[in-house]
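Coordinates for the following, if possible.
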Amino acid sequence: MQLYSFFFSSTSYRVRIALALKGLNYQYHAVNLRAGEQRSSAYRELNPSGSVPLLVTDEGVAISQSLAIIDYLDAIQPASRLIPRDPIARARVLEVASLIGCDIHPVNNLRVLGYLQKNLNVTDTQKSTWYQHWVEQGMEALEALLHRQGHGSYCFGDEPTLADCCLVPQVANALRMGCDLERFELTMAIYRHCLVHPAFMLADPSNQPDYIA
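Numbers count the residues shown, from 1 in each chain. Okay, the predicted model is just below:
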């Protein structure tokens, strides 16, 4: 398999965690979002959305969107399942993953923040205010869901799931952007527990071949 990724991309980070949890090998192809490589015609031929991650299977099938990729990985490697089979457990994991992937992340990713600055001429302070507002709203909902439905050392039990694959990159990104998340005690406890897991460590941005400090 081949993974097109950017070291600081939250969505790529999710997929790297999933691949590591399942012990799947892949070739890493760096796509420098800061340099605009995702907008090149060559990359657009592979992925029309011009985003990362993109997984190309051993059969040459290209799959974009992190949640679709992780669902595919669960299908081909059922060991260490990330999306439970039980209907209720599955719904709970997807509920948290969707909250992060659909409500929090889209309004604070690189291209949205770039549009705010380049097209709407917002200041750095205004951009930070925008980012922190949406992150805090999302984190409040996430913390409430975890208190209501979560259990165990991870989001749902004593083994990582798709929910944890989504939680860690979002928290890491928010911390990098200067958000104070300490009041979200359960979320931060899960985040810190995940960080010492070997698969999460392997997937960390600092351990990627394209990492730039």
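
quick check: mean pLDDT across stretch 177-184?
On average, the pLDDT along stretch 177-184 is 96.

pretty sure Y4 contacts P53?
Yes: with contact defined as C-beta atoms under 8 Å, Y4 reaches P53; the gap is 6.2 Å. From N, CA and C alone the C-beta is placed, and that goes for glycine too.

Burial check on the nearest residue to N109 once chain neighbours are set aside, number of neighbours?
Closest residue in space to N109, ignoring its immediate chain neighbours: S10 at 7.2 Å, by C-beta to C-beta, 6 or more residues apart in numbering. The number of residues packed near S10 is 25, by other C-beta atoms under 10 Å.

show me the contacts for S10.
105, 109, 169-170, 172-173 (C-beta atoms under 8 Å, 6 or more residues apart in numbering).

Over to stretch 83-102 now: how far is its first residue from its last?
17 Å (C-alpha to C-alpha, to the nearest Å).

Could you do stretch 194-212 as well?
End-to-end distance (C-alpha to C-alpha), stretch 194-212: 23 Å.

which stretches of this protein aren't confidently modelled?
Scanning the chain for pLDDT under 70 picks out no residues.

Got the domain ranges for it?
With domains defined by automatic domain parsing, the chain comprises 2-80, 87-199.

And what about L3, helix, strand or coil?
Under DSSP: H, G, I helix; E, B strand; the rest coil, the three-state class of L3 is strand.

Neighbours of it, how many?
By other C-beta under 10 Å, neighbour count at L3 equals 21.

how about stretch 34-48: buried residues?
37-38, 43, 46-47 (16 or more other C-beta atoms under 10 Å).

Next step: the residues you listed restricted to helices.
Those of the buried residues of stretch 34-48 mapping onto helices are 43, 46, per DSSP state H.

Which parts of this structure are strands?
2-5, 27-30, 54-56, 62-64 (DSSP state E).

possible to save those as JSON lines with distance to L82?
Output for those, formatted as JSON lines (distance: least, C-beta to C-beta, whole Å):
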{"stretch": "strand 2-5", "distance to L82": "16"}
{"stretch": "strand 27-30", "distance to L82": "20"}
{"stretch": "strand 54-56", "distance to L82": "14"}
{"stretch": "strand 62-64", "distance to L82": "15"}
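
so who does V31 touch?
4-6, 37-38, 43, 52, 54.
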